[in-house]
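No letters, just coordinates:
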């Protein structure tokens, strides 16, 4: 069986997320940080690209 989990690249994505200015303990950042691995993706769980 193949392991499809990937480590989330917080250092790459958080700086372009619309929630970047929030504290790590604020929602949705706290929820996002609770998921350090994802299946088939290295993008954070609650990532929303800043426009």
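Received it, and whenever you're ready, just let me know what you need. The structure displayed is predicted, hence computed values, not measured ones.

what's around residue 2, how many residues?
Neighbours of residue 2 under the rule other CB atoms under 10 Å: 3. Every C-beta, even on glycine, is put in place using the N, C-alpha and C of the backbone.

let me fix that: residue 32
Neighbours around residue 32, by other CB under 10 Å: 22.

what helix or strand is it on?
For residue 32, the host element (DSSP states H and E) is helix 29-33.

Downstream of that helix, the next helix or strand is which one?
With DSSP H and E, the next secondary element past helix 29-33 is strand 37-39.

What is that following strand packed up against?
If you count contacts as 3 or more CB pairs under 8 Å, 6 or more residues apart in numbering; DSSP states H and E, strand 37-39 packs onto strand 5-7.

partners of the strand it packs on in the sheet?
strand 37-39 (antiparallel) (DSSP bridges).

Same question for the strand it pairs with: list its buried residues.
Of the residues in strand 37-39, none is buried under the neighbour-count criterion (16 or more other CB atoms under 10 Å).

Centre of the chain to that strand, how far?
10 Å (CA atoms, centre = their mean, to the nearest Å).

Equivalent analysis for stretch 20-35, please.
Relative to the chain's own centre, stretch 20-35 is displaced by 9 Å; criterion: CA atoms, centre = their mean.

follow-up on the earlier one: contacts for the helix holding residue 32?
Helix 29-33 has contacts (CB atoms under 8 Å, 6 or more residues apart in numbering) with 10, 19, 22-24, 44-47.

Could you dump the residues you listed into TSV with pLDDT, distance to residue 34 and neighbour count added?
Below are the contacts of helix 29-33 laid out as TSV (pLDDT from 0 to 100; distance: CB to CB, whole Å; neighbours: other CB atoms under 10 Å):
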residue	pLDDT	distance to residue 34	neighbour count
10	97	12	17
19	97	14	16
22	97	15	14
23	97	15	7
24	96	11	10
44	97	11	23
45	93	8	15
46	96	10	16
47	97	14	17
